[in-house]
Structures are given as C-alpha cells and as structure tokens.
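Quick one, fold the following:
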Amino acid sequence: MTVPKSGPIRPTTDRVREAIFSILAPVTARPFRGLDLNAGTGALGIEALSRNADWMDFVEQEPRYCAIIKQNLKKVGFSHKAHVYCCSTAKAMTFLKDKYDIVFMDPPYSDSSINQVAEQLAGSGIVDKETVLVISHASRVPLQDSYNGMPRVKEKKYGDTCISIYQKHNPGKGG
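All right, here's what the predicted structure looks like:
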C-alpha cells in the first residue's frame with residue numbers, strides 16, 4: 001500500500017490492526033458494510049474489505065490522502081466495493097444515510113473534537129443497535145464510557161495507541 005512519506009498521518013500499525021480485527025471476528029464472519037472516518041491511507045477500511053466487507057465508505061478531508069486511498073483501492077482490486085468522500089467527518093455526517101455494521105474512527109491524536117464527534121455519530125441514523133464503533137485514540141486521552149446510549153464494551157492499549165470499542169447491543173458474549 002502507498003503511504004505518504006511525510007505529514008501528520010499516523011497509519012495504524014499491523015499489530016493494532018490485527019488486534020482490532022481479532023476483536024471484530026464475530027461481526028466480520030458475515031458480509032458487512034463499513035465506514036472508515038479519518039481514513040488516512042485507508043488501511044483499516046481496506047483491511048475490512050479483505051475480511052468480508054461487501055462495501056466500505058471512506059471519509060478523509062485531506063485531498064492528497066483521498067488520492068492515496070483511491071490508488072490503494074485500485075492496487076488491491078477493491079475500487080468497485082468502496083467510495084471515497086473527500087470531506088470532513090462533520091460534513092460527511094450531514095449526508096451519509098446508510099446504516100453501517102462497523103464504523104472505524106481514527107482521528108489525529110491532536111484532534112480535540114473526538115468526544116463530540118463520537119457523541120454525534122452514536123446518535124446518528126447511520127448507527128443502529130448492532131453497529132460496532134471502533135475508535136483509535138491516544139492512550140493519554142481517555143474517552144467517555146458511553147456515547148449517546150452506546151456503551152464501551154472493550155478497551156485495549158498498545159503503547160501510545162488505545163482502541164475503544166462501543167456497541168449499543170452486544171449479541172456476543174464477553175464483549
């Protein structure tokens with residue numbers, strides 16, 4: 001995959017990506033629809049496509065990263081199963097209407113709006129009772145235990161990265 005040589009992007013490490021998809025195994029065992037917010041190079045969404053996603057929407061506001069996502073999708077043969085929206089997450093929230101099974105949110109660690117965006121997202125029409133919200137954030141920045149009736153069901157730390165998983169209804173055991 002193509003990744004930029006410089007800039008503020010912080011691609012999710014292989015170790016963290018593997019851990020995320022291990023946690024999500026019950027959801028990814030069947031075809032699912034996903035959303036990758038703050039997509040960067042699209043690594044999480046592309047991994048999801050390789051693990052049974054039948055559709056992924058990518059949202060990234062930086063035009064050069066949008067081009068990289070499109071290039072990466074073409075390179076791995078998933079262009080026909082995805083759409084890239086080159087806009088802010090806030091703007092995307094005004095027009096996205098489909099329900100998603102998994103939503104990845106991986107904002108820059110310096111993004112102070114993470115709690116407001118998670119609250120807005122959890123209360124939006126694109127999230128239903130079985131949607132899983134996966135938020136990657138700095139370990140030093142704790143998130144709320146719940147957003148808009150969507151409780152955290154799991155949290156794992158990997159060095160400076162923390163993965164918080166939220167779900168309104170957890171059909172599996174052990175969260």
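
Show me the beta-bridge partners of the most centrally placed residue in the chain.
Taking Cα atoms, centre = their mean, the centroid of the chain lies closest to F104, which sits 1.1 Å from it. As for beta bridges, F104 partners with D36, V134 under DSSP bridges.

quick one, what contacts it?
By Cβ atoms under 8 Å, 6 or more residues apart in numbering, the contact list for F104 reads 20, 34-37, 39, 44-45, 48, 134, 136. Glycine gets a C-beta too; all of them are placed from N, C-alpha and C.

so G45 makes contact with F58?
Yes - look at G45 against F58 with Cβ atoms under 8 Å: they come within range, at 5.3 Å.

What mean pLDDT does the biggest helix by length in the chain get?
Ranked by number of residues, the top helix in the chain under DSSP state H is helix 63-76. Averaging pLDDT along helix 63-76 gives 96.

Which strands or helices does that helix pack on?
Under the contact criterion of 3 or more Cβ pairs under 8 Å, 6 or more residues apart in numbering; DSSP states H and E, helix 63-76 touches helix 43-50, strand 82-85.

what's the most buried one of those?
Among those, the stretch with the highest mean neighbour count (mean count of other Cβ atoms under 10 Å) is helix 43-50, at a mean of 24.

Dump the C-alpha coordinates for that helix into PDB.
The C-alpha coordinates for helix 43-50 follow below in PDB (Å, rounded to 0.1, in the frame of the first residue of the first chain):
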ATOM      1  CA  ALA A  43      -5.600   0.900   5.800                       C
ATOM      2  CA  LEU A  44      -8.400   0.000   8.200                       C
ATOM      3  CA  GLY A  45     -11.100   0.000   5.600                       C
ATOM      4  CA  ILE A  46      -9.000  -1.900   3.000                       C
ATOM      5  CA  GLU A  47      -8.300  -4.500   5.700                       C
ATOM      6  CA  ALA A  48     -12.000  -4.700   6.300                       C
ATOM      7  CA  LEU A  49     -12.600  -5.300   2.600                       C
ATOM      8  CA  SER A  50     -10.100  -8.100   2.700                       C
END
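
Give the other helices and strands that that helix contacts.
Applying 3+ Cβ pairs under 8 Å, 6+ apart, we find helix 43-50 packed against helix 14-23, strand 32-37, strand 53-59, helix 63-76, strand 100-105.

Quick check: neighbours shared by G45 and F58?
36, 39, 69, 82.

Could you pull up the residues touching the spatially closest residue to M150 that is not a sequence neighbour?
Once flanking residues are discounted, M150 sits nearest to A122: 4.0 Å by Cβ to Cβ, 6 or more residues apart in numbering. Going by Cβ under 8 Å, 6+ apart, A122 touches 133, 147-150, 166, 168.
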